[in-house]
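**Student:** could you look at this predicted model? Sequence included:
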Amino acid sequence: MRNILVIRNILRISLVILAVTIVGCSQTGQPAVWWQGNTHTHSLWSDGDAAPEVVAEWYRSHGYQFLVISDHNTLQVGERFRGDPPVRLKTLEELQDRFNMAGVFLLIEGEELTDSYDGHPVHMNVINPGETIPAQGGNSLRQTIERNLEIARQTQAGSGQPGLIHFNHPNFGWGLTWEHLAAIQGTGFFEVFNGHPSVRNYGDDEHPGTEEMWDLALTHRLTGGSGDLASRLLYGVATDDAHHFLEFGPSKANPGRAWVMVRANELTERALIDAYRRGDFYGSSGVTLGDIRTSKRRLVIDIEAEEGVEYITRFIGTRQDGDTTGDAGEILFETNRNPAIYRFQGDELYVRAKVISSRPHPNPYAAGDVECAWIQPVRPGG
Ligand SMILES: [Zn+2]
Ligand SMILES: [Zn+2]
């Protein structure tokens, strides 16, 4: 009898533990984990220097779980020959057959829709377009942006696949301004960091860098316009825009300069895209985070600290007090603690964060770069 009671109690405790575990899980029963990916890279299908299987293999063997090979104005479909003697390039379908493995690695279709107006490049990455989208042109820079974005959205939606569009390297050729990023309707995505050496992430004396553009655009988007505020956020992705897989060095657009970590319960296109749309991802050039959590009162960031490396976390945002809006993108708080914790004051339009490590990047975008992480903007109180 006593034994039965003991067994019953063990069962009861087990059920409680099981219930607690399930609460912490998603609908599929899988806990959400971070997946490392890159959504912007090139192959011989356009101006990359390596066959697409070399590209895919580089990422798979360097710890990534998903990859979008985004060649200029083309998908990897049909027959194309490159090289001397000419070799037929592998299609995405062939690459997916070879590389995709459930829960381990996922190749996703993508195109870098590439246009320009009067010397200003207009490049956007379309994930899962379903079919090749040609550049649309336009009579002004703004119209060129709008026409390409419109066709990209329509085509992507028509594909029936989960998809995403992000604006690329806004300062490349001084193509896009923060006003263009502010004008994107609905939730927007752009490259706050791109590893290609000629994209001018940090701006110059006359042009704001991409982080400053992010703050200007966010402030504008959240103070003007209509619709719910959460849908007006602008999210920043990090990519390497790799073109060069054969030679490595400062003048080369090499893989591995920056990537995203996306939190999802499974490695599927749907789960990853949903996470992007929730803003449940961060960009990284080497810093790894354990958790990012927001409550009504606080934004908490757990850093997976490495020995001998120091970390400073900067919380950046714009305050609004009644009718007046403060400086776009001021440093609201800075800490070297781990976890890094920001307590909302309640007057912030948004708060984003950047973790800056003391470790130099092994193959930096620019001389002197240290490894960082870019955390997405949140609104106080959710
Ligand atoms: Zn580009
Ligand atoms: Zn590119």
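**Tutor:** Sure, I can see it. Ligands and ions are numbered 1, 2, ... in the order given.

**Student:** which stretches of the chain form helices?
**Tutor:** Using DSSP state H, the helices of the chain run over residues 2-23, 52-61, 92-99, 141-159, 178-183, 210-223, 269-278.

**Student:** buried deepest among these, which one?
**Tutor:** The highest average neighbour count among these, using mean count of other Cβ atoms under 10 Å, belongs to helix 210-223 at a mean of 22. All C-beta spots, glycine's among them, are computed from the backbone N, C-alpha and C.

**Student:** which other helices and strands contact that one?
**Tutor:** If contacts are counted by 3 or more Cβ pairs under 8 Å, 6 or more residues apart in numbering; DSSP states H and E, helix 210-223 sits against helix 178-183, strand 188-194, strand 234-239, strand 311-321, strand 348-360, strand 370-378.

**Student:** report how many residues lie close to the residue in the stretch 251-382 of the chain that ligand 1 sits nearest to.
**Tutor:** In the stretch 251-382 of the chain, the residue that lies nearest ligand 1 is residue 253 (10.0 Å; Cβ to the ion). The local packing of residue 253 (other Cβ atoms under 10 Å) involves 23 other residues.

**Student:** let's number from 599 now, not from 1
**Tutor:** Sure, I'll start counting at 599 from here, so that last one is residue 851.

**Student:** my guess is it contacts residue 793, does it?
**Tutor:** Yes - with contact defined as Cβ atoms under 8 Å, residue 851 counts as touching residue 793 (6.8 Å).

**Student:** and of the helices of the chain, who's closest to residue 710?
**Tutor:** helix 739-757 (10.8 Å; Cβ to Cβ).

**Student:** which residues of this protein score low on pLDDT?
**Tutor:** Across the chain, the ranges flagged by pLDDT under 70 are 599-627, 823, 980.

**Student:** flag every residue of it that's near ligand 1.
**Tutor:** Residues of the chain that fall close to ligand 1, judged by Cβ under 5 Å from the ion: 721, 766.

**Student:** looking at the helices and strands packed on helix 808-821, which is buried most?
**Tutor:** strand 832-837 comes out most buried of the helices and strands packed on helix 808-821 by mean count of other Cβ under 10 Å, with a mean of 27.

**Student:** closest residue of this protein to ligand 1?
**Tutor:** Of all residues in the chain, residue 721 sits closest to ligand 1, at 3.5 Å by Cβ to the ion.

**Student:** distance to residue 706 added to the helices and strands packed on helix 808-821, as TSV?
**Tutor:** Shown next, in TSV, are the helices and strands packed on helix 808-821 (distance: least, Cβ to Cβ, whole Å):
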stretch	distance to residue 706
helix 776-781	24
strand 786-792	15
strand 832-837	13
strand 909-919	30
strand 946-958	26
strand 968-976	20
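
**Student:** output these as JSON lines; include the columns distance to ligand 2.
**Tutor:** As requested, those are exported to JSON lines (distance: least, Cβ to the ion, whole Å):
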{"stretch": "helix 776-781", "distance to ligand 2": "18"}
{"stretch": "strand 786-792", "distance to ligand 2": "8"}
{"stretch": "strand 832-837", "distance to ligand 2": "8"}
{"stretch": "strand 909-919", "distance to ligand 2": "27"}
{"stretch": "strand 946-958", "distance to ligand 2": "24"}
{"stretch": "strand 968-976", "distance to ligand 2": "19"}
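
**Student:** so which of these comes closest to residue 657?
**Tutor:** Closest approach to residue 657 among these is made by strand 832-837 (11.8 Å; Cβ to Cβ).

**Student:** only alpha carbons, please: show the closest one as PDB.
**Tutor:** The C-alpha trace of strand 832-837 is given here as PDB (Å, rounded to 0.1, in the frame of the first residue of the first chain):
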ATOM      1  CA  LEU A 832      11.700  48.600 -38.600                       C
ATOM      2  CA  TYR A 833      13.900  45.600 -38.000                       C
ATOM      3  CA  GLY A 834      17.600  45.400 -38.700                       C
ATOM      4  CA  VAL A 835      19.200  42.300 -40.300                       C
ATOM      5  CA  ALA A 836      22.900  41.500 -40.500                       C
ATOM      6  CA  THR A 837      24.300  39.700 -43.600                       C
END
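
**Student:** output the contacting helices and strands for it.
**Tutor:** So strand 832-837, by 3+ Cβ pairs under 8 Å, 6+ apart, packs with strand 786-792, helix 808-821, strand 857-862, strand 879-882, strand 968-976.

**Student:** now do the first one against helix 739-757, angle only.
**Tutor:** With axes from the mean of the first three to the mean of the last three Cα atoms, to 10 degrees as the basis, strand 786-792 and helix 739-757 are set at 110 degrees to each other.

**Student:** now swap in the longest one and tell me
**Tutor:** In terms of direction (the same axes, to 10 degrees), helix 808-821 departs from helix 739-757 by 80 degrees.

**Student:** ok, for residue 882, nearest residue in space, not its chain neighbours?
**Tutor:** Leaving aside its sequence neighbours, residue 882 sits nearest to residue 971 (Cβ to Cβ, 6 or more residues apart in numbering; 4.7 Å).
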